[in-house]
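# I would like to see how this sequence folds:
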Amino acid sequence: MTFHYYVGWSLIAVFAVAFFWSLGVWVLRRPRMGIPFWWFLRIGAFLFLLQLVAGIALWVSGMRPANPLHIMYAALVFLGFFAAETLKPGGSWRRLYIQAGRPFYEPMVAFLLSLYLLGVAIRAFTTGLGYP
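Modelled structure (predicted):
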């Protein structure tokens, strides 16, 4: 359980860095986040996979989260990573958005995505610990 706990904290830390990174780029009115930001989110995806494997191992061993909503929040984090992969440079949703003639302001999208991931990860962490 301690591995699952510490990887959860690591995920929150990655999302917090991504949140402040994207906020800084947005406040400075830069046109792009840059490729390193999107690769940094992939570090979060890798940590999430470690977290998922650890969670499945805990489940198989008979341990359950204190609140069943923990599983739903973990699924929402996964959906956030799916959105990140489709909104990154060259991503399918981004291409569709641009083809529709709509402006795409990458720092704002990255900020909102990072805020979502940070909030959902914190919520998954707290429900796993038993907080309401």
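# element containing Ala110, please.
Counting by DSSP states H and E, the element that carries Ala110 is helix 106-129.
# got a list of what the spatially most central residue of the chain touches?
Here the mean C-alpha position of the chain is nearest to the C-alpha of Leu117 (Cα atoms, centre = their mean), at a distance of 3.7 Å. If a contact means Cβ atoms under 8 Å, 6 or more residues apart in numbering, then Leu117 has Phe15, Ala18, Leu41, Gly44, Val77, Gly80, Phe81, Ala84 as its contacts. For glycine as for every other residue, the C-beta is placed from the backbone atoms N, C-alpha and C.
# likewise Tyr105?
Contact analysis of Tyr105 by Cβ under 8 Å, 6+ apart lists nothing.
# how near is it to Pro31?
8 Å (Cβ to Cβ, to the nearest Å).
# can you check Glu106 too?
7 Å.
# okay, these two: which has more neighbours?
For Glu106 against Pro31, the residue with the higher neighbour count under other Cβ atoms under 10 Å is Glu106, and the figures read 21 against 8.
# wait, isn't that one in contact with Gly34?
No: look at Glu106 against Gly34 with Cβ atoms under 8 Å: they stay out of range, at 9.1 Å.
# and the helix holding Ala110, what's its mean pLDDT?
Mean per-residue pLDDT for helix 106-129: 95.
# then that helix to CSV, C-alphas only?
C-alpha atoms of helix 106-129 as CSV (Å, rounded to 0.1, in the frame of the first residue of the first chain):
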residue,chain,number,x,y,z
GLU,A,106,-2.6,26.0,-26.4
PRO,A,107,-1.6,27.6,-23.0
MET,A,108,-5.2,28.0,-21.9
VAL,A,109,-6.1,24.4,-23.0
ALA,A,110,-3.0,23.1,-21.1
PHE,A,111,-3.9,25.1,-18.0
LEU,A,112,-7.5,23.8,-18.0
LEU,A,113,-6.3,20.3,-18.6
SER,A,114,-3.7,20.5,-15.8
LEU,A,115,-6.2,22.0,-13.4
TYR,A,116,-8.6,19.1,-14.2
LEU,A,117,-5.9,16.5,-13.7
LEU,A,118,-4.7,18.0,-10.5
GLY,A,119,-8.2,18.3,-9.1
VAL,A,120,-9.2,14.8,-10.0
ALA,A,121,-5.9,13.3,-8.8
ILE,A,122,-6.3,15.0,-5.4
ARG,A,123,-9.9,13.8,-5.2
ALA,A,124,-8.8,10.2,-6.1
PHE,A,125,-6.1,10.4,-3.4
THR,A,126,-8.4,11.7,-0.7
THR,A,127,-11.2,9.2,-1.4
GLY,A,128,-8.7,6.4,-1.4
LEU,A,129,-7.7,7.5,2.1
